[in-house]
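K.L.:
No letters, just coordinates:
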């Protein structure tokens with residue numbers, strides 16, 4: 001799972017910072033801009049790591065459903081099987097449902113991240 005999650009986090013965070021710097025930071029801060037930046041970044045990270053997600057899912061389900069005994073719990077064997085037997089597009093199977101989940105989840109995550117960051121950085125009022 002780290003094989004997928006670490007690159008996902010890297011792509012998502014770098015995309016978010018890049019989009020925010022190039023687009024959102026040049027305008028007044030508004031929550032919807034952070035939401036758009038986060039959603040787009042989550043979509044980029046999700047789409048770029050979908051091949052790793054497909055491999056992970058195939059490895060997890062191979063022993064349960066007995067779909068393919070040639071994989072033998074190897075990432076490389078699974079990737080090679082997908083490439084040779086199903087073609088390059090098999091690495092993007094399930095990308096639409098994953099994007100439908102990750103885009104809104106990241107949009108809300110980054111809005112809440114910015115909100116909590118701003119909330120923590122506020123100076124307390126003097127009484």
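P.N.:
Sure, I can see it. Since we're looking at a predicted model, the values are computed, not measured.
K.L.:
Identify each buried residue in the lengthiest helix in the chain, please.
P.N.:
Counting by DSSP state H, the longest helix found in the chain is helix 95-121. Neighbour counts over helix 95-121 (16 or more other C-beta atoms under 10 Å) mark 95, 98-99, 102-103, 106-107, 109-111, 114 as buried. The C-beta positions use only the backbone N, C-alpha and C, and glycine is treated the same way.
K.L.:
need the contact list for the residue sitting nearest the centre point of the chain.
P.N.:
By C-alpha atoms, centre = their mean, the chain has its centre lying nearest to residue 46, at 3.3 Å. Contact partners of residue 46, counting by C-beta atoms under 8 Å, 6 or more residues apart in numbering, are 8, 12, 95, 98-99, 102-103.
K.L.:
now with 7 Å?
P.N.:
Residue 46 makes contacts with 8, 98-99, 102, as judged by C-beta atoms under 7 Å, 6 or more residues apart in numbering.
K.L.:
Residue 52 now?
P.N.:
3-4, 7.
K.L.:
Lowest-confidence entry in the residues you listed?
P.N.:
In terms of pLDDT, residue 3 ranks lowest among those, with 81.
K.L.:
Mind pulling the model confidence for the closest residue to that one other than its chain neighbours?
P.N.:
Distances taken as C-beta to C-beta, 6 or more residues apart in numbering place residue 52 nearest to residue 3, at 5.6 Å, with adjacent residues excluded. Looking at residue 52, its pLDDT is 94.
K.L.:
cool, residue 127 as well?
P.N.:
In this prediction, residue 127 has a pLDDT value of 63.
K.L.:
do residue 70 as well
P.N.:
pLDDT, read off for residue 70, is 59.
K.L.:
thinking again about what came up before, elements contacting the longest helix of the chain?
P.N.:
Applying 3 or more C-beta pairs under 7 Å, 6 or more residues apart in numbering; DSSP states H and E, one finds that helix 95-121 makes contact with helix 31-48, helix 50-65.
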